[in-house]
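1. Sequence and predicted structure, then a few things I'm wondering about:
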Amino acid sequence: MIGKFVVAAVIAAGLGAASAADAQDYPSHPIMMIVPLAPGGSTDTLGRIMAQAMSKTLGQPVVVENVAGAAGVIGVTRAERSPPDGYTVQWGMWGTNMANGAIYSLDFDLLNDLEPVGLVATQPFFIDARKTMPANNLKELVAWIKANAGKVTMGTSGVGSPSHVAGVLMEQLVGVNWQMVSYRSAGLAQQNLLAGFTDLQLDTPAVSLPHVQSGTLKAYAVTAKERIDVAPDIPTTDEAGLPGFYFSFWHAMWAPKGTPKPIIAKLNAAIVAALVDPETRKKLTDLAQVIYPRDQQTPEALHAFQKAEIEKWWPIIKAAGIKAE
């Protein structure tokens, strides 16, 4: 019996040494960042900014691979099943790594079956409409919606996505239901909004601001308590006539469960370095991102934050009857 314990201790020590050695040499080749949504949306845009910035610190390319489908479930599942060697990380957000657990039947636990790496930034939505929308302000838009009840369409980036849940909350405040049209990403939804095939969209400044500035989309309000620096002329929902309608969603990074802690530490250090880099910070803030303070960028802080978000939002999502189609 004693001999077995000795052998087990030797094996454990050897594995620990191997893990430490692997972490010391890490990374020795490119890292794949799974973005679980299609190209063109806010999540993809922000993921690519972070991948480029982290590459500088890690000394190896961080290569984005879009693995879209089921509002992010397919990509997150692939990340969860990847080898825990630090060469696969997953970029995700409010919907893909929190809300989906209340909507889809997953065969893993979003909170405990992925390793948190770091919390990055959060952002509000614009209330957008096609450029041919006759309403000139939010009060007129609400009146138009009520006058066209049953005909109004809103594009979303998938069932249970932030834009979908925010749309449900907006329906409740306005007192009218409309048709939710699901796409694989915010970028794809926006293409149809720009073409005039849908009427409305709740979208991030990261995706819609250039079109708002060029006049190809109308933006009526920002879903925050304060105006944002990149679009100071767009009023808040309180100012525009839909008081109390606030919605902001966050982005963060995870790795497969069992990824060695020294490797997680190196990945987190690359996130922290990216978020203090002036060029990267400007890219993020130009997209209306609010960067989390340093003490909230740790793996432990992300785990606690994600747990709190699950406890807050899952009851709301389930009460609204939002389910996978």
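-> Arrived safely. Values in this document were obtained by computation on a predicted structure and should not be read as measured data. Numbering: from 1, shown residues only.

2. Please count neighbours and contacts with C-alpha atoms only from this point.
-> Fine.

3. any idea which helix or strand carries the nearest residue to Val174 once chain neighbours are set aside?
-> Counting by CA to CA, 6 or more residues apart in numbering, Val142 is the residue found nearest to Val174 once chain neighbours are left out, at 6.9 Å. Secondary structure assigned from DSSP states H and E places Val142 in helix 138-147.

4. Buried ones in that helix, by neighbour count?
-> Residues 138, 141-142, 145-146 are the ones in helix 138-147 that count as buried (16 or more other CA atoms under 10 Å).

5. just checking, next helix/strand downstream of that helix?
-> Secondary structure here is assigned by DSSP H and E; on that basis, the next helix or strand after helix 138-147 toward the C-terminus is strand 153-156.

6. partner strands of that following strand, parallel or antiparallel?
-> Applying DSSP bridges to the sheet, strand 153-156 is found paired with strand 179-182 (parallel), strand 200-203 (parallel).

7. Return the distance of the first one from the chain's centre.
-> Strand 179-182 sits 20 Å away from the centroid of its parent chain (CA atoms, centre = their mean, to the nearest Å).

8. Could you give me the buried positions within that strand?
-> Under the neighbour-count criterion of 16+ other CA under 10 Å, strand 179-182 has 180-182 buried.

9. same check, this time on stretch 203-216
-> By neighbour count on 16+ other CA under 10 Å, the buried set for stretch 203-216 is 203-209, 211-212, 216.

10. Neighbours of Glu279, how many?
-> 11 (other CA atoms under 10 Å).

11. Ignore what I typed, I meant Asn177.
-> Tallying neighbours of Asn177 according to other CA under 10 Å, which is how burial is gauged here, yields 18.

12. close enough to count as contact, it and Gly167?
-> No. Checked against CA atoms under 8 Å, the pair Asn177 and Gly167 is beyond contact range at 9.4 Å.

13. for the strand or helix carrying Ala255, the distance to its chain's centre please.
-> Ala255 belongs to strand 248-256 when assigned by DSSP H and E. With CA atoms, centre = their mean as the basis, strand 248-256 stands 6 Å off its chain's centre.

14. Kindly report the same for stretch 312-325.
-> Stretch 312-325 has its C-alpha centroid displaced from the chain centroid by 18 Å (CA atoms, centre = their mean).
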